[in-house]
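1. Below are the sequence and a predicted model; questions follow.
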Number of protein chains: 2
Amino acid sequence: MEIDKRSGCPINLSLEVLGDKWSLIVIRDMMFGNRRHFRDLLTHSEERIASNILAARLKHLLSIGLITKRDDPSHSQKAIYSLTEPSIQLLPILAMIGGWGRKHLPVTPELSIRAELLEDGGPIMWEEFMNELREIHITNPIGGTNGQVASSVLARLTAAYIQTCERMEES
Amino acid sequence: MEIDKRSGCPINLSLEVLGDKWSLIVIRDMMFGNRRHFRDLLTHSEERIASNILAARLKHLLSIGLITKRDDPSHSQKAIYSLTEPSIQLLPILAMIGGWGRKHLPVTPELSIRAELLEDGGPIMWEEFMNELREIHITNPIGGTNGQVASSVLARLTAAYIQTCERMEES
């Protein structure tokens, strides 16, 4: 692992690995948006990540074992990225960061509905979602990328997100 | 609040506010080390934060309301920094980040004993510690800086840390 090791404190080491403004955003998009190809991560990015930053962050996450990369047989010339057990275990932290943001920062409704559902669902929902992520990213990393994801939590979060987007457009 | 607002997603906004390599380190040192003066934060830093970075991070945290600054009557020419309700509510996130780091990264024993105790203590200990932090940083922000902190969780964490440091030196 490429770590500077400013110190061996677990909070410090975690921040050395994750504490830039983009790494957790990429993991968030793979986790909640099921974006697994470079182009999806780039073009659907709400924060308009630049392609050189995305490439650098993917390389960094690969180097520290938080994602894996393999050929996607269903897309010639395309690589598919998957989460690993350590990055899947970031879900409760992302859920809590989302909950903190909802409480203290000027969030927008359509982008906070999933954080709200995750917060309400609590640790039981997080466990369920982590099991689904293991299925999608580790057990069957090639199969689950066409929107036909056998995930009830991800499906619920996505449905709530789309519904809120539509409501915002109507109003 | 000074936020770029790449997007209104709660995870993104939280990372815009906290997602540099130093802001959460400064909050960690105020929270777990009860370091409240510039010099303490600078000279006791395990990660050897540079004084210009520390000054910039304190200014940033002040600007977004995560810390406050006031004169400390017991130290002429010294300002005392305190956590606020939003930053105190980061404790569960820091505890979980520490737990994740302990599990997946090459931590050192003396700097991970507090993360271990916090993880074992779980949400009940976190609530207790947050109440103590409210007492130290909000109710009585001037009084609690001389090591005579009326905090049982902080005292326990500090004692375990010192004991582990001594054990490491002996071995």
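-> In hand now; what should we look at?
2. nearest spatial neighbour of the residue nearest to the spatial centre of chain A, skipping sequence neighbours?
-> In chain A, the centroid-proximal residue (CA atoms, centre = their mean) is residue A:28; its distance is 2.2 Å. Sequence neighbours aside, residue B:11 is the residue nearest to residue A:28 in space, at 5.4 Å (criterion: CB to CB, 6 or more residues apart in numbering or on different chains). C-beta: built from backbone N, CA, C; applies to glycine.
3. helix, strand or coil for the one you found?
-> At residue B:11, secondary structure determined by DSSP: H, G, I helix; E, B strand; the rest coil is helix.
4. just checking, what packs against the longest helix belonging to chain A?
-> Longest helix in chain A by number of residues (criterion: DSSP state H): helix A:109-134. Other helices and strands packing on helix A:109-134, by 3 or more CB pairs under 8 Å, 6 or more residues apart in numbering or on different chains; DSSP states H and E, are helix A:85-88, helix A:91-104, helix A:152-170, helix B:10-18.
5. nearest to residue B:89, of the ones you listed?
-> Closest to residue B:89 of those, according to CB to CB: helix A:91-104, at 6.3 Å.
6. hang on, the earlier thing: ok, and which of the helices and strands packed on helix A:109-134 has the densest surroundings?
-> Mean neighbour count (mean count of other CB atoms under 10 Å in any protein chain shown) peaks for helix B:10-18 among those, with a mean of 26.
7. Quick one: list the elements packing against whichever helix or strand comes after that one.
-> Per DSSP states H and E, helix B:10-18 leads on to helix B:23-32 as the next helix or strand towards the C-terminus. With contacts defined as 3+ CB pairs under 8 Å, 6+ apart, the packing partners of helix B:23-32 are helix A:10-18, helix B:38-43, helix B:51-63, strand B:79-83, helix B:85-88, helix B:91-104.
8. Nearest to residue B:16, out of those?
-> Going by CB to CB, the one of these nearest residue B:16 is helix B:51-63, 11.1 Å.
9. gap between stretch A:113-120 and the chain center?
-> When C-alpha coordinates are averaged (CA atoms, centre = their mean, to the nearest Å), stretch A:113-120 and its chain have centres 14 Å apart.
10. Can you spell out which helices and strands pack onto the lowest-mean-pLDDT helix or strand in chain A?
-> Within chain A, judged by mean pLDDT, DSSP states H and E, the helix or strand with the poorest mean is helix A:152-170; its value is a mean of 86. Helix A:152-170 sits against helix A:109-134, with contacts defined as 3+ CB pairs under 8 Å, 6+ apart.
11. So what's the model's average confidence on the helix it packs on?
-> Across helix A:109-134, pLDDT averages out at 92.
12. List the buried residues in it.
-> For helix A:109-134, the neighbour count (16 or more other CB atoms under 10 Å in any protein chain shown) marks A:110-119, A:121, A:125-126, A:129-130, A:132-133 as buried.
13. quick one: residue A:5 is in a strand?
-> No. The assignment for residue A:5, made by three-state DSSP, is coil rather than a strand.
14. Tell me who's in contact with residue A:38.
-> Residue A:38 makes contacts with A:54, A:55, A:58, A:78, A:79, A:81, as judged by CB atoms under 8 Å, 6 or more residues apart in numbering or on different chains.
15. Nearest to residue A:158 among those?
-> Nearest to residue A:158 among the contacts of residue A:38, with distances taken as CB to CB, is residue A:81, at 18.7 Å.
16. Can you list the low-confidence ranges for chain A?
-> Within chain A, the stretches with pLDDT under 70 are A:1-4, A:144-151.
17. run the last query once more with 80
-> Residues of chain A that meet the criterion pLDDT under 80 lie in A:1-5, A:74-77, A:143-151, A:168-171.
18. related to what we said a few turns ago, how close does the residue nearest to residue A:28 get to residue B:47?
-> 25 Å (CB to CB, to the nearest Å).
19. Could you export the helices and strands packed on helix A:109-134 as TSV, including distance to residue B:105?
-> Formatted as TSV, the helices and strands packed on helix A:109-134 follow (distance: least, CB to CB, whole Å):
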stretch	distance to residue B:105
helix A:85-88	9
helix A:91-104	14
helix A:152-170	27
helix B:10-18	19
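20. Mind listing what's buried along stretch A:48-60?
-> So, applying 16+ other CB under 10 Å, buried residues of stretch A:48-60: A:49, A:53, A:54, A:57, A:58, A:60.
21. Closest one of the residues you listed to chain B?
-> Of all those, the one sitting nearest chain B is residue A:49; the distance, using CB to the nearest CB, is 8.7 Å.
22. Backbone torsions only: list them for the closest one.
-> Reported as degrees, to the nearest 10, the phi and psi values for residue A:49 are phi -60, psi 140.
23. which residues touch it?
-> A:22, A:25, A:26, A:41, A:42, A:57 are the contacts of residue A:49 under CB under 8 Å, 6+ apart.
24. And residue A:152, by the same measure?
-> A:128, A:132 are the contacts of residue A:152 under CB under 8 Å, 6+ apart.
25. quick one: the closest residue to residue A:128 other than its chain neighbours and chain B, what's the gap?
-> Nearest residue to residue A:128, sequence neighbours excluded (CB to CB, 6+ apart): residue A:153, at 5.5 Å. Relative to chain B, residue A:153 is positioned 16 Å away (criterion: CB to the nearest CB, to the nearest Å).
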